[in-house]
Every structure is written in C-alpha cells, then in structure tokens.
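K.L.:
structure, please.
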Amino acid sequence: MSDRHQEQDATPAVIDCREVTRTYTEGPEKLTIFSDISLQVRPGETVAIVGSSGAGKTTLLNLLGGLDRPSSGHIRICGQDIHRLSEAGRAKFRSGHLGFVYQFHHLLPEFSALENVMMPCALAGMKPAQAKEKAKSLLVRVGLAERLEHKPAELSGGERQRVAIARALVNDPQCVLMDEPTGNLDEQTGEGVRALIEDLRDQSGTAFVMVTHDMTMARSLGRVLRLEQGRLVQEV
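P.N.:
Model prediction:
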C-alpha cells in the first residue's frame, strides 16, 4: 500500500455512507434503485463512480450532497448526519462543506465569470471585497486570469467548466461532487479539466466524487467504483 493510501486510511472520512438504500414507489410497485451501499471518501481522495445509464449514479450523488433523502441507511459528511438536519440546515451545511459541478455548468448568463464565482460567498455572508479577492484568486488558479469580466456566452465550453469548478471551490469545501464534468467537452478540453482537477486535489486536499462515463479520466484520477444492478463494486 502506498504512503498516500496509508495516510488516507488513518484520517477521518469526509463522506461516510453506510448501508444506504433508495427506493421509489410507482403505483402499487416499489422500485429499488440501489440497496445497502456503503462508501467512504477521505480528504484528498478522488472517487469516480461509473455505470450504465439509469444505474442510479446521479441519484447516489444527490444523496451524498443532501439533495435527496435515502430510504434507509446513514450518510455523514465531515461527521454530520446530514439527513438529520432540517431542509434549511442541510442547505447551510452544503454551502459550508460541499461544492457541486454539473455537466451543464449552470452559470448565470447575465453575470461575469468573477461575479459567478463570488455568488456562493455572498450567499454565505462574506463581505464583497473579500469575496471578490477570493474569487479572483481562484479564477487565476484555474487559468482564467484574462477572462474575469467575460460573461458565460463569451467563454468556451472548457472555460465555462473551469469557472464552475472555481465556483465549487470558493467556499473551501471538504468535498466537491461532480456529475459528468467533461460530458459536453471535446477530448482535448476534457483532458485539460482532468489535469486541473488533479492539481486542485493535490494542492488543496479537497476530496472529489465524480460521476462519469469517461473511463480514461476515471482511471487516471483515482479509485473507480461501478454501480450496477443496485450494487457498488470496486473496478479492478
């Protein structure tokens, strides 16, 4: 076992998911998306979740982010059972501990890159001058020093995704959850985003959990888990 993995095993999990099941009721039928899933993610670790369409990958990601509730089981983020919190409590907890990146960047079109990245800081009550400085620093870090005042329509797909990653990191989350972050990008641009994620993980100690169809990206970044037939198994 590498020194890095030994260090991870000795540190508390950022995400500790225990025996989680998610079912939906459709009329007289109960549909089980997955059952008894357990997953631990440690600081600075990248976990890729792969699987066929409809396997429940995005559902699992939403559970880990407190955007949906499990039918049974427990999910702790940084030691907090997030599903014991009220809806307002979960939203506040997410803002302070988690970042989110989606396949579609969800940037606000009327705001500049800098303003988009500042938004989570404003929602957390940070003073505008401090939020601006922090957002600017992150955009420089992701290679967008010359694009601070550009609006999303003026940016390339890869640049928009870099803005979304900076926005996800601006409140110093312990974990960033990513749903197909390179799904709409060409191979070369996707490789640039992959390298960026790797650098950010190594420099900040932030954990990343990523749903992806890109097996090359998944294998190059870290641990790969496959969600199939309601079970989460380690890829060999």
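K.L.:
just give me the longest helix of the protein.
P.N.:
helix 187-204 (DSSP state H).
K.L.:
which helices and strands does it pack with?
P.N.:
strand 46-50, helix 157-169, strand 207-211, helix 215-221 (3 or more C-beta pairs under 8 Å, 6 or more residues apart in numbering; DSSP states H and E). (Glycine included, C-beta is placed from N, CA and C.)
K.L.:
ok, the most centrally placed residue in the chain - contacts?
P.N.:
Centroid-nearest residue in the chain, with C-alpha atoms, centre = their mean: Leu177, separated by 1.1 Å. Going by C-beta atoms under 8 Å, 6 or more residues apart in numbering, Leu177 touches 61, 64-65, 98-101, 208-210.
K.L.:
between the two ends of stretch 142-158, what distance do you get?
P.N.:
11 Å (C-alpha to C-alpha, to the nearest Å).
K.L.:
neighbouring contacts of it?
P.N.:
Against stretch 142-158 from outside (C-beta under 8 Å, 6+ apart): 105, 107-114, 116, 136, 139, 159-160, 162-163, 165-166, 184-186, 189-190, 192-193, 196, 200.
K.L.:
let me see the mean pLDDT of that stretch.
P.N.:
The average pLDDT within stretch 142-158 is 90.
K.L.:
let me see the ranges of the helices in this protein.
P.N.:
3-10, 57-64, 87-97, 113-123, 128-141, 157-169, 187-204, 215-221.
K.L.:
circling back: which one of the contacts of Leu177 is nearest Ala48?
P.N.:
In terms of C-beta to C-beta, no member of the contacts of Leu177 lies closer to Ala48 than Met210, at 5.0 Å.
K.L.:
what's near enough to touch that closest one?
P.N.:
With C-beta under 8 Å, 6+ apart, Met210 has these contacts: 46-49, 177-179, 181, 197, 217-218, 221.
K.L.:
need the pLDDT of the residue of the chain most remote from its centre.
P.N.:
Relative to the mean C-alpha coordinate of the chain, counting by C-alpha atoms, centre = their mean, the farthest residue is Pro28 (34.6 Å). Note on Pro28: pLDDT of 83.
K.L.:
separation between it and Thr59?
P.N.:
In this view, Pro28 and Thr59 are 22 Å apart by C-beta to C-beta, to the nearest Å.
K.L.:
just Cys121 next, same as before
P.N.:
Distance from Cys121 to Thr59, by C-beta to C-beta: 29 Å.
K.L.:
hang on, the earlier thing: dump the helices and strands packed on helix 187-204 into a markdown table; add distance to Arg84 as well.
P.N.:
Formatted as a markdown table, the helices and strands packed on helix 187-204 follow (distance: least, C-beta to C-beta, whole Å):
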| stretch | distance to Arg84 |
| --- | --- |
| strand 46-50 | 24 |
| helix 157-169 | 25 |
| strand 207-211 | 21 |
| helix 215-221 | 31 |
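K.L.:
least reliable of the ones you listed going by mean pLDDT?
P.N.:
Comparing mean pLDDT across these, the weakest is helix 215-221, with a mean of 81.
K.L.:
on contacts alone, who are the packing partners of that one?
P.N.:
Contacts defined by 3+ C-beta pairs under 8 Å, 6+ apart place helix 215-221 against strand 46-50, helix 187-204, strand 207-211.
K.L.:
for the ones you listed, give me CSV that also has distance to Gly79.
P.N.:
CSV is the format used below for these (distance: least, C-beta to C-beta, whole Å):
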stretch, distance to Gly79
strand 46-50, 18
helix 187-204, 20
strand 207-211, 14
